[in-house]
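A.B. asks: Mind folding the following:
(one chain, ligands or ions: 1)
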Amino acid sequence: MTLDLNVRFKEVFGNKADYQFFAPGRINLIGEHTDYNGGYVFPCAITLGTYALIRLRQDNVIRAYSENFSSDSIKTISLDNLNHQESENWTNYIKGVVYYLQEQGYRLPHGFDVLFYGNIPNGAGLSSSASFELLVGTAIKHIFNFHIDMLELVKLGKRVENEFIGVNSGIMDQFAVGMSQENHAIMLDCNTLQYELVPVDLGEYTIVIMNTNKRRELADSKYNERFSETRQALAEIQEHLPIQTLADLTMEQFEKVKHVLSTDTLVKRARHAVSENQRVIEAVAYLKENNLVAFGELMKQSHLSTELDYEVTGKELDTLVHTAWEQDGVLGARMTGAGFGGCAIALVHCDNVEDFKTKVGKIYTDTIGYAPDFYIAQTSNGAGFLE
Ligand code: GLA
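C.D. replies: Residues are numbered from 1 along each chain as shown. Model (predicted):
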């Protein structure tokens, strides 16, 4: 594949590429919609991701081409005009990264030609956008020898998402894409950014990623709605308790204070944020003890909480996950990422994987009207230079 991309680069830009970079996608094992509520998450990077091939230019122009949007011609970005343009979709991510790098003093001396290729399904909740942000950031750092560390690039990627693109997302995706290590998941405290790399040894089990193949048109606005709801819940609780984030609450504290919330919806949203945070702490402890059965049970509870309290799943994800629970050799399953379509994950015994795919695939197709896709998750290192 790498070879083909080199050939493609030459076809598109008429010359050989000088550098290659890769940034992974991610799955989140547990801890959904907790990051922007100051809680824990537990993601890992996966080998599906985004590639960039680059050749330096002498002028101040970036010319970008994406194999995934090949109906678009080569896009030209001038380093003198990095304004967000609604019609430009994917190139806005490049502009955003360059814009904030320059604002932080990392001035690009000149432009480059870049070809992108991603094998993360777009909009599937596997962080194709964070992968793209970290890919561009890592590549620019490397080709211009900028002394900027990965954590700064992670924060910069989040800023692109929040301020340039306009999604109030937390830091989980960029952190997982930037900081992951193969065979590990990251238990990240999104409040302090302290983290622990936890070995993921699933023995005879494997993680199957299940893609609903549902397009997520409303995802960003619904996402921002959940963000506002939990901010509102926090503000109402803060009138009675001195907490900084919803994740500061234990379930017992929440049960005592929930009556101050003005609507049932806010109770549900806040309950998810609090309970999910507790589940991450327990789940990581179980994984360390190799108790995959208990880990799987928490995956199930986590899904139910995103379904019933946070209401970010929908028929497609629920069909996949509920069907997965019923299959032989399955210890747990849940949605992963933002929700509203996108992907779910299941912890499946290796001997049962083929049967699992056939059965879940059939029931899903009969119920929803189109087929899901399945991928076996393999963990990956974070974004970097490819030799
Ligand atoms: C998206 C966001 C993350 C996180 C998840 C839900 O992936 O980018 O910051 O909030 O949704 O856990």
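
A.B. asks: Show the residue spans covered by the strands in the stretch 201-350 of the chain.
C.D. replies: Here the stretch 201-350 of the chain has its strands, by DSSP state E, counting those that start in this stretch, at 205-211, 330-336, 343-349.

A.B. asks: Quick one: closest of these to H322.
C.D. replies: Closest to H322 of the strands of the stretch 201-350 of the chain is strand 330-336 (C-beta to C-beta; 8.4 Å). All C-beta spots, glycine's among them, are computed from the backbone N, C-alpha and C.

A.B. asks: any idea how far E326 lies from A346?
C.D. replies: Separation of E326 from A346 (C-beta to C-beta, to the nearest Å): 11 Å.

A.B. asks: which residue packs closest to K16, ignoring adjacent ones?
C.D. replies: Distances taken as C-beta to C-beta, 6 or more residues apart in numbering place K10 nearest to K16, at 6.0 Å, with adjacent residues excluded.

A.B. asks: check which helix or strand covers that neighbour.
C.D. replies: helix 2-13 (DSSP states H and E).

A.B. asks: could you give me the average pLDDT of the next helix or strand after that helix?
C.D. replies: With elements assigned by DSSP H and E, the helix or strand that comes after helix 2-13 is strand 19-28. The average pLDDT within strand 19-28 is 98.

A.B. asks: tell me the angle of strand 19-28 relative to strand 205-211?
C.D. replies: Strand 19-28 and strand 205-211 are oriented at 100 degrees to each other (axes from the mean of the first three to the mean of the last three C-alpha atoms, to 10 degrees).

A.B. asks: Which secondary structure elements does strand 19-28 sit against?
C.D. replies: Applying 3 or more C-beta pairs under 8 Å, 6 or more residues apart in numbering; DSSP states H and E, we find strand 19-28 packed against strand 43-56, helix 128-143, helix 172-179, strand 384-385.

A.B. asks: possible to save those as JSON lines with distance to the ligand, mean neighbour count and mean pLDDT?
C.D. replies: Shown next, in JSON lines, are the helices and strands packed on strand 19-28 (distance: least, C-beta to the nearest ligand atom, whole Å; neighbours: other C-beta atoms under 10 Å; pLDDT from 0 to 100):
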{"stretch": "strand 43-56", "distance to the ligand": "9", "mean neighbour count": "24", "mean pLDDT": "98"}
{"stretch": "helix 128-143", "distance to the ligand": "7", "mean neighbour count": "26", "mean pLDDT": "97"}
{"stretch": "helix 172-179", "distance to the ligand": "4", "mean neighbour count": "29", "mean pLDDT": "98"}
{"stretch": "strand 384-385", "distance to the ligand": "21", "mean neighbour count": "16", "mean pLDDT": "95"}
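
A.B. asks: right, and those - which one's nearest F22?
C.D. replies: Here strand 43-56 is closest among the helices and strands packed on strand 19-28 (C-beta to C-beta), at 5.4 Å.

A.B. asks: starting at the chain centroid, how far to that closest one?
C.D. replies: 13 Å (C-alpha atoms, centre = their mean, to the nearest Å).

A.B. asks: Pull up the pairing partners for the helix or strand just after that strand, direction included.
C.D. replies: Helices and strands here follow DSSP H and E; after strand 43-56, the next one along the chain is strand 61-66. Here strand 61-66 is paired, per DSSP bridges, with strand 75-78 (antiparallel), strand 112-118 (parallel).

A.B. asks: burial count for the residue in the stretch 1-150 of the chain positioned nearest to the ligand?
C.D. replies: Proximity of the stretch 1-150 of the chain to the ligand (C-beta to the nearest ligand atom) peaks at E32, 4.0 Å away. Residues within reach of E32, counting by other C-beta atoms under 10 Å, total 29.

A.B. asks: Not counting residues beside it along the chain, what's closest to it?
C.D. replies: T306 (5.5 Å).

A.B. asks: try N68
C.D. replies: G118 (5.4 Å).

A.B. asks: Please tell me I have it right and that neighbour contacts G49.
C.D. replies: Yes. Applying C-beta atoms under 8 Å, one finds G118 in contact with G49, separated by 6.9 Å.

A.B. asks: Can you check which residues contact both of those two?
C.D. replies: Counting by C-beta atoms under 8 Å, 6 or more residues apart in numbering, the common neighbours of G118 and G49 are S131.

A.B. asks: And R269, how far from G342?
C.D. replies: Where G342 is concerned, R269 sits at a distance of 19 Å (C-beta to C-beta).

A.B. asks: residues in contact with the residue nearest the centre of the chain?
C.D. replies: The structure's the chain has its C-alpha centroid closest to S127; by C-alpha atoms, centre = their mean the separation is 3.4 Å. Each residue near S127 by C-beta under 8 Å, 6+ apart is listed here: G25, R26, I120, D173, A176, V177, G337.

A.B. asks: do you know how far it is from I281?
C.D. replies: Per C-beta to C-beta, S127 is found 23 Å from I281.

A.B. asks: D113 now?
C.D. replies: Distance, D113 to I281, by C-beta to C-beta: 47 Å.

A.B. asks: More neighbours: those two, which one.
C.D. replies: D113 (22 against 14).

A.B. asks: ok, that one touching R55?
C.D. replies: Yes. Taking contacts as C-beta under 8 Å, D113 lies within contact range of R55: 4.8 Å.

A.B. asks: Quick check: neighbours shared by those two?
C.D. replies: Common neighbours of D113 and R55, using C-beta under 8 Å, 6+ apart, are F9, F13, N15.

A.B. asks: mind listing what's buried in stretch 104-115?
C.D. replies: Buried positions in stretch 104-115, judged by neighbour count with 16 or more other C-beta atoms under 10 Å: Y106, L108, G111, F112, D113, V114, L115.

A.B. asks: same question, stretch 142-156
C.D. replies: Residues of stretch 142-156 classed as buried by neighbour count (16+ other C-beta under 10 Å): I143, F144, F146, I148, M150, E152, L153, V154, K155, L156.

A.B. asks: now, the most widely separated pair of the residues you listed?
C.D. replies: Longest span within these, C-beta to C-beta: I143 and K155, 20.7 Å.

A.B. asks: quick one, the one helix or strand in the chain whose mean pLDDT sits lowest and strand 19-28 angle?
C.D. replies: When the helices and strands of the chain are compared on mean pLDDT, DSSP states H and E, helix 2-13 comes out lowest with a mean of 89. Calculated by the same axes, to 10 degrees, helix 2-13 forms an angle of 120 degrees with strand 19-28.
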